[in-house]
Structure formats: C-alpha cells, structure tokens
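Peer 1: here is the input, now give the coordinates:
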Amino acid sequence: MPSGNKAFYVLSFGVLLNVSAYAGILNLQSSINIEHNLGTLGASIMYLSAAAVAAFIAPVLLRIIGAKWSLIIGEACFVPYSLMNFHPAIYTVIPCAVLGSLGEGVMWSSSIYYVTQLVYMHWSTTTKEECSEGSTLDDERNKWFGTFYGILKSSLIFGNLVSYAVLYGAKNLGVSPHNETSLFQHISHCGSNYQAKQTNSSLLKYVPASRLSVYLLTTLFTIMQIGSTVLLILFLPKIRIEQSMRVKSQSQIMVLVETVKATFHQALSIDQLLLTPICFYFGLLVSYAFSNFTAGFVSCTIGVQQVGLVMATYGCFNCLAAIGVGKVSHWFGVAPIYIIGLCFDSCSMVTQLFWTPTPSNKYWVYAFGCLLGVSDGIWQTTTTATITSAFAHCTELAIGVMEMWIALGMFCGFLLGGRVVIFKQICLLLGLLYVGCAGYAILVWKNKRKEKLSKTEMHKLIKHTVQ
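Peer 2: Numbering: from 1, shown residues only. Next up, the predicted model:
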C-alpha cells in the first residue's frame, strides 16, 4: 500500500478520532446510566434505527452525495449522542439515540465503501511488479481492510484510556470515594450470573464517584467528534470512481424507490442470506462486549473506574488481531480465518461461561477483555472482506445489508443487556457462531460447485467446437 496515500490516512485518522469518543462513551452506558436501564435502552434504540438506516438511507446518500459527504453527515450525527450524557433522561436519550443511528448506519457504510473504491483505484493504477507476487484483487482488499481496521480499532485504546484517566482520576482526587468493602459485597452475582436487577442495592459500583467527571468526559469526547468532522471536511478528497454512482437524470424519489427495491433483492439473495448469521453474530458479540461484559464482568467485579482500562486492553488486542487477520488472509485467504475464529471464540466463550468471580481472581476480567478484543478484530475484518469479495458487482448494497444485520445484532444485544442473565446470552452467541460458520462453508461449497460446473460446460463446448 503506498505510504503517501493521503485519502486513506486522512479517512483512517478522522474515523479513528470520532470512534475513540463514541466507543468511550458507549462502553460506559450500561454502567453510568444503569438506573432504569437507560443506557442500554438508548443503545438498543440506536441500533434498531441504524439497521434501517444502513439498509435504505446509506445507499441512497452514497448515490446522491457520494462517500465523502455521507461520511461527514454520519460523523456529525454522533455528537448529540455524546451530549445526551449531560442530562440522561428518557426524553433526551430516545431522540439522541435516533440521531446517533444516522451516524452508526451511514458512517460505517460510507467508510467501507470509500476504502473499497480506494482499493480498486490502487489496483487499476499499480503495475504487476509493484504488487506482491501472486497477489489478487481479493488479497489486496483484505490487506487494505486489515490495515484500516487495525488503525480504526486503536480508537478503543485511546477513547477508553481517556475514560479511565478521567473516572479513576476523580476517584483518586477524593471526590466522594466509594466504600471499597461494599464493592465486592455482591460479587457472586457477577460474571455469567449477572443480571442488572440484582444490582439495585449496589449502584455505587456502577455510578462514577462524581457527576462532574461524567461532564468532563462528555465535553472531551464532544470536542474530539467535532474535530474529526472538521478534519474530514477540510482534508478528505472526493474519489473519482464514485462519480459512476452519482445521480444524473433521475429524481431523488426514483433513486430512493430503486434503492429500496435493490436492497430487498440483495437482502433476500441466497448468498447474502448465507452470510447473514455471521454478520448478526458479530453485532451481538460487540454489543455483549460493550454492555453486559462491561457491567457484569468489569463494573460488578472491580468497579466502573476500571471499565476504561479493561476496554483499552480490549482495543489493543482488537487492533493487533485486525492487522494480523489482514496479513493472514492476504497470504492464505479468508477460509482459514473462519476456522481459527470458530475455535478461538468457542474456547473464550466457554471460559467466560464457567468462570466464578472471587476477590482473588477478579482481575481475570482483563484477560477476558483481551479475548473479546481478538474476537472483534477477527470478525469485523473477516466479514467485511467476505462481503466485499462476494458482491463486488453491488458493493454499496451488500455493505448496507451487512451493516443492517450487524446493527440488528447489536440492537438485540443491548436489548438483552441487563434484562437477561449473561449465561443465556453467551449460549446464544455460541449457537450463532456455529450457524454463521456453517453458512460461510455452504457458500464456499456452492461457489466451488458452480465454478466446477462452469469449467465442465466450457470443456464440453470446446470439445464440441473442435469436432
């Protein structure tokens, strides 16, 4: 990849800055807004709305205003979700969550599409000597997305370190410190036994020592998000190849109608349906990490001040896994990654399922954070590479459908957060993991069979022509 590719690095850094703030505030929702489950309620509403946005609005915006301005609109919509934490109430959480859904649904689709087009531009202008020996377009795409997600995933490190510094700093400064002996009073209800209704008598473990620390954190994250949007407006170039998608003579209403029809057709295609379970699994996995894990494993066991540090380790291993998957898939293809991910996640989930928290082993939550970070890095890079490779002829629609199912998975995960015992959610994750990998295996078998039949027909045609 050319080191001087300005567009790629401006895009990556801009999204990195925005997602650092967004992830930092999202990771805390199940803890700082635990009363009446306001935090998980807002997140579930946001991801339910984001599913519709990703499927129907994002492709329309991409076709009408292009990837750059779609991305900028998406980033700007995250700002109200951060500001909501100044005064979290039902009448602020719901509208801000709906606005945040525009960011979630549009930003990811736009950034993925932008990187995909950069790969095509690079491939079309690069000589064979400059590419790796035996490299294909799919290999290059996997490598680019591995690098992109590697940079992007470092946002989980920066955002959560800011969160940790502010919340833990407020505690150490002596601002209404919590009683440490009460912190582990209900530790038997942590881990896979966690359910939010069991924590009503021990809310101090979840609520920061001072509300001022939340205000400071919200201010810092809002400044980061505004700075990210300004950066993209000023320095992110438009990409030439996206002009082929621009609307020429059709009205915007016709574009909307045609896009909705095309999206339904894409969502119901056999190949897309086979990949739906793994996309849904990835969404459910991330929402589990950001809600039930942070509340039931981290806040419940070692206190809300440690959430930022645990999730920073999550982000570190997430970043390394994303880069590693990009490299491995570049050399060996995507199929081995599915096998590795299946085995890795099975071991990780079973361990979390049967772990019993005690004061002596409470810091195992850091290890679980690392394991979940690796899982996130594996599946985001792998699902994106699979979708963009399988549907190269209709990338923007396939990405929209993929993001829709990921968002629906996150909606279900946040909806379950605090309402269902974690043990049941982990069992659900394991079931979806196996179904998702089976769907990919069927898709590979189907494509190889189709390719074999095509070759057989071609040989018959050649033989008939010769005779």
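
Peer 1: same question for the top helix by length along the chain, mean pLDDT?
Peer 2: Of all segments of type helix in the chain, defined using DSSP state H, the longest is helix 422-466. Across helix 422-466, pLDDT averages out at 82.

Peer 1: just stretch 103-121 next, same as before
Peer 2: 87.

Peer 1: what's the neighbour count on R141?
Peer 2: 24 (other CB atoms under 10 Å). For every residue, glycine as well, the C-beta is placed using N, CA and C.

Peer 1: any idea which element it lies in?
Peer 2: Element membership for R141, per DSSP states H and E: helix 137-153.

Peer 1: how about Y215?
Peer 2: helix 211-235.

Peer 1: now L342
Peer 2: Assessed by DSSP H and E, L342 sits inside helix 335-354.

Peer 1: ok, back up a step: now do the longest helix of the chain: which elements does it pack against?
Peer 2: Other helices and strands packing on helix 422-466, by 3 or more CB pairs under 8 Å, 6 or more residues apart in numbering; DSSP states H and E, are helix 270-288, helix 335-354.

Peer 1: tell me which residues in whichever helix or strand comes after the longest one are buried?
Peer 2: It refers to helix 335-354. Once helix 335-354 ends, the next helix or strand along the chain (criterion: DSSP H and E) is helix 364-390. Residues of helix 364-390 classed as buried: 364-390 (neighbour count, 16 or more other CB atoms under 10 Å).

Peer 1: can you give me the angle helix 364-390 makes with helix 422-466?
Peer 2: Compare the direction of helix 364-390 with that of helix 422-466 by axes from the mean of the first three to the mean of the last three CA atoms, to 10 degrees and you get 20 degrees.

Peer 1: state the mean pLDDT of helix 364-390.
Peer 2: Across helix 364-390, pLDDT averages out at 91.

Peer 1: residues contacting C412?
Peer 2: If a contact means CB atoms under 8 Å, 6 or more residues apart in numbering, then C412 has S44, G283, L284, S287 as its contacts.

Peer 1: ok, the last one touching G418?
Peer 2: No: the pair S287 and G418 fails to qualify as a contact (CB atoms under 8 Å) at a distance of 11.8 Å.

Peer 1: buried deepest among the helices and strands packed on helix 422-466, which one?
Peer 2: Comparing the helices and strands packed on helix 422-466 by mean neighbour count (mean count of other CB atoms under 10 Å), helix 270-288 comes out on top with a mean of 23.

Peer 1: that helix: how far from the chain's middle?
Peer 2: For helix 270-288, the separation from the chain centroid amounts to 12 Å (computed by CA atoms, centre = their mean, to the nearest Å).

Peer 1: quick one: list the elements packing against that helix.
Peer 2: Looks like helix 270-288 contacts helix 38-52, helix 364-390, helix 395-416, helix 422-466 (3+ CB pairs under 8 Å, 6+ apart).

Peer 1: can you list the low-confidence ranges for the stretch 101-250 of the chain?
Peer 2: Residues of the stretch 101-250 of the chain meeting the criterion pLDDT under 70: 126-135, 170-186, 196-209, 240-250.

Peer 1: the helix holding R141: how far from the chain's middle?
Peer 2: With CA atoms, centre = their mean, you get 15 Å for helix 137-153.

Peer 1: can you check stretch 343-359 too?
Peer 2: Distance, centroid of stretch 343-359 to centroid of chain: 22 Å (CA atoms, centre = their mean).

Peer 1: returning to what we had before: can you give me the angle the longest helix of the chain makes with helix 335-354?
Peer 2: Note on geometry: by the same axes, to 10 degrees, helix 422-466 and helix 335-354 are set 170 degrees apart in direction.

Peer 1: and helix 422-466, how far out from the chain middle?
Peer 2: From the chain centre to the centre of helix 422-466 is a distance of 25 Å (CA atoms, centre = their mean).

Peer 1: which neighbouring elements make contact with the helix or strand hosting E258?
Peer 2: Per DSSP H and E, E258 falls inside helix 252-267. On a contact count with 3+ CB pairs under 8 Å, 6+ apart, helix 252-267 meets helix 58-76, helix 395-416.

Peer 1: quick one: closest of these to E258.
Peer 2: Proximity to E258, assessed across these by CB to CB, is greatest for helix 58-76 (9.0 Å).
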